[in-house]
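Participant: What follows is a predicted structure for the sequence shown.
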Amino acid sequence: MYQVGQPVVYRISKQSTKPGTRAIQVRPSPRGDHYSYCVDKFWRVEKILPGGAVCVRTRRGKRHVLDGDDCNLRPARWWERVLLRRPFPTTGNQDKSLAELSY
């Protein structure tokens, strides 16, 4: 389903007292002290690993290994690739070893 170099979007759920400007689906906690919300992360596929796992790279160079079937991971839509081009990491700087992957 995914290809090397393909931009992807990963939706992360978070909690804090002050959701950021990119927060979506913001919900207050029952007592009103915190908020639950989601943030879309714009990453790029770096490697396809055995078993369907996908190695993705963040804008700052971090690497994550995700299950290819993760419901929070999806290919970037065409308009996200065009209008939100800057948040996606560039295709360069892919020389770090697999030992630096975070699981």
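Facilitator: Nice, thanks for sending it over.

Participant: where do the helices sit along this structure?
Facilitator: 78-83 (DSSP state H).

Participant: Contacts only, for K41.
Facilitator: V9, Y10, R11, I12, T58 (C-beta atoms under 8 Å, 6 or more residues apart in numbering). Glycine gets a C-beta too; all of them are placed from N, C-alpha and C.

Participant: count of residues packed around the fourth one?
Facilitator: In this case it means I12. Around I12 sit 10 other residues, with neighbours defined as other C-beta atoms under 10 Å.

Participant: quick one: the residue lying closest to it once chain neighbours are set aside and P50, what's the gap?
Facilitator: Counting by C-beta to C-beta, 6 or more residues apart in numbering, I12 lies nearest to V39, which is 5.4 Å off, once chain neighbours are set aside. When distance is defined by C-beta to C-beta, to the nearest Å, V39 is 30 Å away from P50.

Participant: Have a look at these two and say which one is more surrounded.
Facilitator: Neighbour count, other C-beta under 10 Å: between V39 and P50, V39 has more, with 16 against 5.

Participant: list the contacts for that one?
Facilitator: R11, I12, K14, G20, R22, A23, I24.

Participant: quick one: low-confidence parts of this structure?
Facilitator: The model of the chain has pLDDT under 70 over residues 78-103.

Participant: what's the single longest strand in it?
Facilitator: When the chain is scanned for its longest strand (criterion: DSSP state E), the result is strand 35-48.

Participant: And the strands in this structure?
Facilitator: Using DSSP E, strands in the chain cover 7-16, 24-28, 35-48, 53-57, 63-67, 73-75.

Participant: closest to M1 out of the ones you listed?
Facilitator: Closest approach to M1 among those (C-beta to C-beta): strand 73-75, 7.8 Å.
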